[in-house]
Structures are given as structure tokens and as C-alpha cells.
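**Student:** next one to model:
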Amino acid sequence: MTEQGAGGIELVATAAFGVEAVVARELQQLGFSHQEVENGRVTFRSSPQGVCRANLWLRSADRVLLKMGEFSARTFEELFEGTRALPWPDWIPRQGAFPVRGKSVRSQLASVPACQAIVKKAIVEKMAQHYRQQWFAETGPVFPVEVALLKDRVTLTIDTSGPGLHKRGYRVRPTAAPLKETLAAAMVQLSRWRPERELVDPLCGSGTIPIEAALLGFNLAPGLRRRFVAENWPAVPEQLWRQERARAMDQAHLDRRLEVWGADADAAAIAAAQANAEAAGLGGRVRWRCQPVSRLASRGQFGWLVCNPPYGERMGEARAVEDLYRELGRVYRRLETWSCFVLTSHPGFERLFGRRADRRRKLYNGRLQCTLFQFFGPRPPGPRPRGE
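**Tutor:** The predicted model follows:
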């Protein structure tokens with residue numbers, strides 16, 4: 001992809017804690033080299049075309065925000081003046097709707113409703129000055145504004161995504177406690193899986209991990225089958241969206257042979273996974289098996305086992321989950337040349353699995369702190385790929 005460079009606008013890709021480096025690497029691959037990585041976000045510079053590209057392609061980010069400005073404010077007057085100074089009419093047309101939501105952490109301006117009202121009033125005043133009218137019907141495109149205060153530092157953004165980027169559009173048959181698509185994509189990328197290797201999720205549920213792996217393996221943009229709130233913005237012309245969608249289709253490798261499959265002991269889960277894969281455009285390209293973990297086997301070498309098993313958080317589940325972890329460990333010992341990546345919040349996982357992890361990474365499944373336990377198999381023969 002072409003280099004986006006230090007363009008005229010600043011964008012923020014938000015991310016779950018622990019996933020920021022994955023998002024930064026994705027942005028680098030998309031051509032966005034001017035980055036600043038912080039907790040929960042990666043800021044990068046671009047042109048308006050970057051709004052389209054980032055939304056269509058980012059696999060592990062939560063949202064793409066347009067950063068309008070940042071300043072210090074300890075009083076409502078400072079918040080009002082700082083907000084009013086920003087170029088809102090450059091983005092919001094006369095008919096635009098601009099709802100405001102907010103959050104405040106360790107700031108003197110602790111009342112979120114009051115901050116939202118002040119920001120709304122300041123934007124209206126700036127719009128009134130520019131459009132020479134005092135009242136706005138807000139019947140046009142939506143520009144969701146967020147005011148975030150952290151230690152008296154104000155950041156004002158407009159959400160370009162709308163529904164979160166995990167809303168790919170393919171989850172037509174969910175199951176209980178489904179894994180977010182963005183976290184599943186991050187797990188696959190953290191595993192450093194490569195499309196020429198077999199990948200299996202033996203506890204696949206509704207199929208999210210195999211589906212995200214297949215989207216990655218076929219180089220399919222995860223946002224191709226949905227729409228974004230910024231598609232209605234005059235400042236991001238429809239032509240840019242058409243160009244980026246066409247480019248994304250041209251870059252897909254649907255002729256590539258992938259060995260990606262999922263298994264689950266629950267027939268209803270397998271039916272859901274099949275329906276979701278079909279909705280993702282992957283019907284017939286991902287295989288599914290209804291079988292317990294104990295029957296997992298493969299003749300392939302140097303494969304990847306990636307899964308998000310139950311955690312045993314609910315009453316009465318603990319013993320069954322611990323038995324499952326023991327069984328998973330026994331199965332993995334049979335796959336002598338494979339690597340294994342398991343996400344769980346269970347503190348005794350390694351003891352039950354029967355092996356200490358080679359590496360651990362803290363991740364959050366929603367608000368639940370989990371660990372991605374990483375067990376590395378022997379390195380396949382041949383040259384090492386770039387980036388390892």
C-alpha cells in the first residue's frame with residue numbers, strides 16, 4: 001500500500017489494552033508511518049483518504065477517531081474557549097447532527113454531563129459564527145463528538161466508525177459469551193501465524209477465531225461488508241470510499257489455499273459458525289467439525305492451535321473447565337511440532353495444562369483481565385520470514 005505520510009489530519013485508532021502494538025503494526029503495513037502509541041490508542045497522521053483505509057482494514061482496533069484538538073482546561077470557561085477555537089465547520093455541515101458524549105478521569109471538571117453541555121454550546125457558537133444562523137436542526141449526517149478529560153487535559157474527537165470495528169457484519173448466529181472479532185484478530189496476529197500453516201481452534205464456538213484467521217489469510221479487508229458513519233460526511237467524498245473498496249477487493253487473495261478449521265462439541269455452535277462464515281463470504285473456505293477436544297488430531301506439521309476456552313467464571317463451571325484444560329494439554333502434547341495460544345483468565349491454567357508458557361501477554365476480554373499463554377513449537381525448516 002502507498003505511504004500515507006504526515007498528512008493534514010490527525011486520526012486516533014483506539015484499542016483494548018495490550019493490543020496497541022498490534023494496531024500500530026497494522027497501521028504501519030497500511031502505510032501510516034507517523035505514529036504515537038499510548039495506552040489504549042495509536043495516533044497517526046493522514047489525509048481524508050486515511051479515514052476510509054483505516055476503517056476498512058484495521059482488524060484489531062476498536063474505532064477510528066478524527067482528532068479535532070487537545071488542550072488543558074481546569075474551568076468551564078477554558079473548556080468552552082478551547083472547544084470554540086477548533087475548526088468544527090471544516091467537518092460539520094449546516095445540517096449535520098453532532099451529539100456529544102464524554103468521560104472524565106482525575107480532572108477538576110469531573111461532571112461529565114456539564115462538560116458535554118459546555119462542548120455542545122461551544123460547537124453551536126462556532127457553527128453559528130460560520131454559517132450565520134443561530135439554530136441548527138441537526139437532520140443531516142451524524143458526527144459523534146467525544147470530549148475526554150484526563151488529568152485536566154482535554155481531547156476532542158469525532159468518531160468516524162459509528163458502530164465499533166468489531167461489528168464486521170458476519171455474526172448472524174451468535175453463541176453464549178462470544179469473543180470480540182477485534183480481539184480474535186489480535187490473537188491470530190500475536191501468534192505470528194502465516195497462511196501457509198494450518199490453524200485450528202478446537203473450541204471454536206461461533207467460529208470467530210477461524211473466521212478472523214481466514215480473513216487475514218485471504219487478505220480480505222474486515223470492513224468490506226459494513227458501512228461507517230463517515231461515509232455520509234461531505235469532507236470524506238464518496239469517491240474516496242469507492243476507490244478504497246475497489247483497491248481492497250483487488251488485493252484479496254481468494255485463490256490462496258488455506259488450511260483453517262474449527263471444532264466444537266456443541267452441534268449448535270458448529271451450525272452458528274458455518275452460518276457466520278457464510279455471511280463473511282467464506283462459505284466452503286473454512287472447515288468445521290463437531291467433535292470434543294479429545295478427538296483433535298492432524299497430520300500436518302508446524303501448525304497453530306489458537307483458542308479461547310471457557311474461563312470457569314460462572315458458578316458450577318470450575319471443575320468442568322479444569323478438566324477441559326487438562327484434556328487440552330494432553331491433546332497438545334500429541335501435536336509435537338505445533339505452537340499453541342490460549343486466552344483465559346484462569347490463574348491455574350499452566351498447572352492444569354501441564355506446561356509453563358514460553359511467553360505470556362496480558363489482554364482484556366471486555367473488562368476481564370486475561371492472559372494469552374503462548375507455547376512455541378520447533379521452528380519450521382527454511383528461511384525465517386521478515387518480522388520474526
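
**Student:** quick one: the strands in the stretch 1-150 of the chain, in order.
**Tutor:** 9-14, 35-38, 41-46, 63-72, 100-105, 145-150 (DSSP state E, counting those that start in this stretch).

**Student:** pLDDT on the last one, on average?
**Tutor:** Within the predicted structure, the mean pLDDT of strand 145-150 is 98.

**Student:** and it, which strands flank it?
**Tutor:** strand 100-105 (parallel), strand 153-159 (antiparallel) (DSSP bridges).

**Student:** re earlier: redo the strands of the stretch 1-150 of the chain as JSON lines? Include distance to Thr83 and mean neighbour count.
**Tutor:** (Glycine included, C-beta is placed from N, CA and C.) Output for the strands of the stretch 1-150 of the chain, formatted as JSON lines (distance: least, C-beta to C-beta, whole Å; neighbours: other C-beta atoms under 10 Å):
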{"stretch": "strand 9-14", "distance to Thr83": "16", "mean neighbour count": "22"}
{"stretch": "strand 35-38", "distance to Thr83": "22", "mean neighbour count": "13"}
{"stretch": "strand 41-46", "distance to Thr83": "19", "mean neighbour count": "23"}
{"stretch": "strand 63-72", "distance to Thr83": "8", "mean neighbour count": "20"}
{"stretch": "strand 100-105", "distance to Thr83": "10", "mean neighbour count": "16"}
{"stretch": "strand 145-150", "distance to Thr83": "8", "mean neighbour count": "20"}
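
**Student:** for these, which one sits closest to Gly217?
**Tutor:** Among the strands of the stretch 1-150 of the chain, the nearest to Gly217 by C-beta to C-beta is strand 9-14 (22.3 Å).

**Student:** partner strands of that closest one and their direction?
**Tutor:** By DSSP bridges, strand 9-14 pairs with strand 41-46 (antiparallel), strand 63-72 (antiparallel).

**Student:** can I get these in CSV including mean pLDDT and distance to Pro292?
**Tutor:** Rendered in CSV, the data for these read as follows (pLDDT from 0 to 100; distance: least, C-beta to C-beta, whole Å):
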stretch, mean pLDDT, distance to Pro292
strand 41-46, 96, 40
strand 63-72, 98, 38
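
**Student:** of all the ones you listed, which lies closest to Val229?
**Tutor:** Across the strands paired with strand 9-14, closest to Val229 is strand 63-72 (C-beta to C-beta), at 10.1 Å.

**Student:** tabulate the strands paired with strand 145-150 in CSV, adding columns for mean pLDDT and distance to Arg356.
**Tutor:** As requested, those are exported to CSV (pLDDT from 0 to 100; distance: least, C-beta to C-beta, whole Å):
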stretch, mean pLDDT, distance to Arg356
strand 100-105, 97, 36
strand 153-159, 98, 41
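
**Student:** what's the closest of those to Ser47?
**Tutor:** Short answer: strand 153-159, nearest of the strands paired with strand 145-150 by C-beta to C-beta, at 16.1 Å.

**Student:** okay, buried residues for that closest one please.
**Tutor:** Val154, Thr155, Leu156, Thr157, Ile158, Asp159 (16 or more other C-beta atoms under 10 Å).

**Student:** what helices and strands are in contact with the longest helix seen in the chain?
**Tutor:** Taking DSSP state H as the criterion, the chain has its longest helix at helix 112-131. Judged by 3 or more C-beta pairs under 8 Å, 6 or more residues apart in numbering; DSSP states H and E, helix 112-131 is in contact with helix 76-84, strand 100-105, strand 145-150.

**Student:** check which residues of it are buried.
**Tutor:** Within helix 112-131, the residues scored as buried using 16+ other C-beta under 10 Å are Cys115, Gln116, Ile118, Val119, Lys120, Ala122, Ile123, Val124, Lys126, Met127.

**Student:** pretty sure the second one contacts Gly102?
**Tutor:** Read it as Gln116. Yes - between Gln116 and Gly102 there is a contact under C-beta atoms under 8 Å: 4.7 Å.

**Student:** since that was my last question, I'll sign off now.
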